[in-house]
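**Q** Sequence first, predicted coordinates after that:
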Amino acid sequence: MIHMHVGEAKRVSIAVDEMLAKAEEVLQRVWGYSSFRPLQQEAVLSALLGRDSVVVLPTGGGKSVCFQVPALCLDGLAVVVSPLISLMKDQVDALQANGVDAAFINSSQSLEAQREIASRIREGRLKLLYVAPERLLTDRMLDFLRSIKVSLFAIDEAHCISDWGHDFRPEYRGLRVLKERFSNIPVHAYTATAPEHVRRDIVRQLGLVDAEVLVGSFDRPNLVYRMLPIDNRLQQIIEVVKRHPEQSGIVYCISRKEVERTAGALNSLGIKAVPYHAGLDDQSRRRHQEAFIRDEVDIVVATVAFGMGIDKPDVRYVIHAGMPKSIEHYQQESGRAGRDGLESECVLLYSGGDILTWKRMLDPLEPSARERALRALSSINNLCNGALCRHRSLSAYFGQDLGVDNCGACDVCLGELDQVEDPITLGQKILSCVLRLDQRFGADYTAKVLVGANDRRILQAGHDQLSTYGLLKDEPLAAIRQWIEQLIGQQFLMREGEYQLLRVSPTGARLLKRELTPILTVPPKRTAAPRRTIAENQSWEGVDRGLFERLKELRNREAQLRGVPAYVIFLDTTLRELARVRPSSLSVFRRIKGMGDQKLKDYGQLFLDGLDAYCATQPLTRDVLTPVQPGTSGPSATSPPGQSAPNLSAAAVSSFEYWRQGMTIEAVATKMGRATSTVFGYLTDFIHFEGITDPSPWVPAESIPIITAALKASEDGRLKPIFEALEGKYSYEAIRLVKLCSRDEAIKHE
């Protein structure tokens, strides 16, 4: 019996390997990617095995691949539930550009067009069909689907199913009928923001059977978070926009009135922007969204009515011109930046008035829902006023540990927020004032007492006679107000009751005894330029900027001719890689990441001609296929071992303990949620800093003497001739590491 069980397990293992091999072949052929991203493989396998699943991946994490790849591997039609007509069209356009037969059905189509799609489905030619939940749940559609072979149901934006989610839509609740009417067909739910209680609710509401729940990292390392108190809101918005000339951005406002005012102001300054909110008619909203997607305007200024499921990958910045009402909303809305994986900026502007605005808007809710909403509002307020790493704080909110103390990609970790010189004494002064006021007043009143305001209420109450009155008279009122919020966020103070009165917490009592130290920051100066991040430097390394702009112009012209968004032709990541590698033939062109067979057929020669024309006028090397190392943050190859690496980043330092533990590059990359190329740069920093002379923890011991001999035989120490002399048997990384660790000065020149 045991022998039979082992044999069966082996057969299952072989079958799984064959499934994954087919999936990887489809991924390479259609999308031009050689491997899946983290968690995609598990999600794809779950679909191939016919098992129900809930998949939570951050915006830009590649959720669509999780059901699109299985759809092409399985027999039958994959039905995708999508909430927006614009999103359906975007995804179908992208699939068709990759040579996939996909379609959508919605109210914008004629009956003739819908009949033609139905005919393609019956003939077995269509692989993916996108449909809104309302149409899917009609008896006519359900009966039609029962008459054909359906491979799977994929529910996008699945958090809409749960009233615990941040964007509950009642029409999604009816999707439970899928498991009732199609019990033998797997149902897969996909979303970017679903805490554990929302995930459980999704499984329950859909009636999923033995569902596999897959949760990826909530962190988006390519996003740079900045959270700033409002100080001339429009000017702060303009400063961000100026940092991203002619790039796509979204500005979120709390109210429709603020949307119209901000969009009008930007247009008056010559910045192309359109408004988007529920007060506009459907035609205007569609027109404005389409203009944004097709790069006819740079900015959409919107309420939260805009953006769910928007598929535009090259949004380079998202500005919140007011505090969102929850961290879930912020994660979803800020996540619309940088879906292509390139560095993008997320700036949140906040004030105490935002809380009051949201509270007024929450008044109509029933008591239990309002209480939940107020807790969510308190969490986002604490995040804004906190002085801890933004990436780490967001990950912690969703129950995950970032794994590093310094992300290198937020205003806190980039050192843009300066701390006050004596936070203990400052904190004590504020807490003492709360106690002198008998803990019977809110934050605004307390701040006015501390600044010594001649407020009538203060004078009538006799609080101008308190020892803490005017104790911080030399500080701006806005700064005092922010420090109070930071003390609340760090739990030295608490808000209580309907009027949000301040109370000193047990933690605050320890601060009064000087047993704890708060983190209190100096309000940032608007004139201070934000610091460049590690990711920003690395993503442009080796890229010829002029060529990138030329290829971008070529892409935009082709997109206009074909009537599709520019990113449907090629993502910015692909254009940067083309401008870095500069292929001289279609065979090399095919090796570019994101270059599937259909893209090569449709655009390969066109873009190759563009490359040839540009490179003919420039002294540029072609076919640069050697790995590009992140040298901007690491040491130079000629630096003597044992010396501190120049420009050593906090992110690199945070990896040092992993290297000391003997972890591999791949393991550290997984641990930190960074690309292996980025982590390789951290390793070179570590080797320089520690003066490592033995590369064997990362290079096979038997290959070290062979590489060393080739290095010694080299005339100039350049890596490419050495790589070729070794007949490509040893990677560039291995050669670089051996060279870096060598004590022989004769081979220490690049």
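**A** Received, thanks.
**Q** Show the subsequent helix or strand relative to the helix or strand of the chain with the lowest mean pLDDT.
**A** Least confident helix or strand, the chain: helix 534-539 with a mean of 60, by mean pLDDT, DSSP states H and E. Downstream of helix 534-539, the first helix or strand assigned by DSSP states H and E is helix 545-562.
**Q** So for that next one, what gets flagged as buried?
**A** For helix 545-562, the neighbour count (16 or more other C-beta atoms under 10 Å) marks L547, F548, R550, L551, K552, L554, R555, E558, A559 as buried. (Glycine included, C-beta is placed from N, CA and C.)
**Q** In terms of distance to W698, which of the residues you listed ranks first?
**A** Set against W698, the nearest of the buried residues of helix 545-562 by C-beta to C-beta is F548 (32.6 Å).
**Q** My understanding was that the closest one contacts L575; is that so?
**A** Yes - at 5.8 Å, F548 and L575 qualify as touching, with contact defined as C-beta atoms under 8 Å.
**Q** For V12, give me the pLDDT.
**A** For V12, the model assigns a pLDDT of 55.
**Q** ok, now the one 10 residues further on?
**A** In the predicted model, K22 carries a pLDDT score of 90.
**Q** what secondary structure does it sit in?
**A** When classified by DSSP: H, G, I helix; E, B strand; the rest coil, K22 comes out as helix.
**Q** Relative to I117, how far out is the nearest residue to it once chain neighbours are set aside?
**A** Spatial nearest neighbour of K22, chain neighbours left out: C73 (5.4 Å); criterion: C-beta to C-beta, 6 or more residues apart in numbering. Using C-beta to C-beta, to the nearest Å, we find C73 at a distance of 22 Å from I117.
**Q** returning to that earlier point: make TSV from the buried residues of helix 545-562 and add pLDDT and distance to T507 to it.
**A** Formatted as TSV, these follow (pLDDT from 0 to 100; distance: C-beta to C-beta, whole Å):
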residue	pLDDT	distance to T507
L547	94	56
F548	94	51
R550	94	58
L551	95	55
K552	93	52
L554	95	59
R555	94	55
E558	93	60
A559	91	56
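**Q** which one of C73 and I117 has more residues nearby?
**A** C73 (18 against 15; other C-beta atoms under 10 Å).
**Q** could the buried residues of helix 545-562 go into JSON lines alongside distance to T303?
**A** JSON lines is the format used below for the buried residues of helix 545-562 (distance: C-beta to C-beta, whole Å):
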{"residue": "L547", "distance to T303": "39"}
{"residue": "F548", "distance to T303": "34"}
{"residue": "R550", "distance to T303": "38"}
{"residue": "L551", "distance to T303": "35"}
{"residue": "K552", "distance to T303": "31"}
{"residue": "L554", "distance to T303": "36"}
{"residue": "R555", "distance to T303": "31"}
{"residue": "E558", "distance to T303": "34"}
{"residue": "A559", "distance to T303": "28"}
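**Q** Show me which positions of stretch 259-274 end up buried.
**A** Under 16+ other C-beta under 10 Å, the buried positions of stretch 259-274 are V259, E260, R261, T262, A263, A265, L266, N267, I271, A273, V274.
**Q** Break this protein down into its domains, please.
**A** 16-215, 223-397, 423-512, 540-615, 650-747 (automatic domain parsing).
**Q** Next, the distance between the ends of the shortest one.
**A** Its start and end residues considered, domain 540-615 measures 18 Å (C-alpha to C-alpha, to the nearest Å).
**Q** which regions of this structure sit below the pLDDT cut-off?
**A** 1-14, 163-168, 305, 307-310, 523-538, 626-653, 675, 677, 715-718, 743-750 (pLDDT under 70).
**Q** and the most centrally placed residue in it, how far is that from T676?
**A** By C-alpha atoms, centre = their mean, the chain has its centre lying nearest to R220, at 3.6 Å. Using C-beta to C-beta, R220 is found at 18 Å from T676.
**Q** For E333, grab the count of nearby residues.
**A** 24.
**Q** List the residues that contact it.
**A** Listed by C-beta atoms under 8 Å, 6 or more residues apart in numbering, the contact partners of E333 are I250, Y252, V304, G307, V318, H320, P324.
**Q** hey, what's the nearest residue to I237 once chain neighbours are set aside bridged with?
**A** Spatial nearest neighbour of I237, chain neighbours left out: I319 (5.6 Å); criterion: C-beta to C-beta, 6+ apart. Note on I319: beta-bridge partners by DSSP bridges are V251, V347.
**Q** wait, doesn't I319 sit right on V240?
**A** Yes - using C-beta under 8 Å, I319 makes contact with V240 at a distance of 5.4 Å.
**Q** Now list whatever residues contact both of these two.
**A** Joint contacts of I319 and V240 (C-beta under 8 Å, 6+ apart) are G249, V347.
**Q** Which of those two has more residues huddled nearby?
**A** Per other C-beta under 10 Å, whichever of I319 and V240 has more neighbours is I319, with 26 against 20.
**Q** mind checking how far the more buried one is from L228?
**A** 10 Å.
**Q** Now the common contact residues for the two.
**A** Common neighbours of I319 and L228 (C-beta under 8 Å, 6+ apart) are V347, L348, L349.
**Q** The second one touches L228, doesn't it?
**A** Yes - counting by C-beta under 8 Å, L348 touches L228, with 7.3 Å between them.
**Q** In terms of neighbours, single out the busier of those two.
**A** L348 (24 against 18).
**Q** show me what contacts that one?
**A** Listed by C-beta under 8 Å, 6+ apart, the contact partners of L348 are Y225, R226, M227, L228, I319, H320, M323, P324, Y330, S334, C384.
**Q** please redo it, this time with the cut-off set to 6 Å
**A** Counting by C-beta atoms under 6 Å, 6 or more residues apart in numbering, L348 makes contact with M227, H320.
**Q** Please report how far it lies from E333.
**A** In terms of C-beta to C-beta, L348 sits 10 Å off from E333.
**Q** And for H197?
**A** Here the criterion is C-beta to C-beta. By it, H197 lies 21 Å from E333.
**Q** Contacts for the helix or strand where K429 lies, please.
**A** Using DSSP H and E, K429 maps to helix 423-436. Contact partners of helix 423-436, identified using C-beta under 6 Å, 6+ apart, comprise 420, 446, 449-450, 466, 468, 471, 502, 504, 508, 511-512, 514, 517-518, 520.
**Q** Then the residue nearest to the centre of the chain would be within a strand, right?
**A** No - assessed with three-state DSSP, R220 is coil; it does not lie in a strand.
**Q** mind listing what it touches?
**A** Per C-beta under 6 Å, 6+ apart, neighbours of R220: P58.
**Q** Please report how far it lies from F36.
**A** Separation of R220 from F36 (C-beta to C-beta): 18 Å.
**Q** what do you get for K739?
**A** Plainly put, K739 is 32 Å away from F36 if you go by C-beta to C-beta.
**Q** Which one of these two is surrounded by more residues?
**A** Just comparing K739 and F36: by other C-beta under 10 Å the higher neighbour count belongs to K739, 23 against 20.
**Q** In a strand, the more buried one, correct?
**A** No - K739: not assigned to a strand; according to three-state DSSP it is helix.
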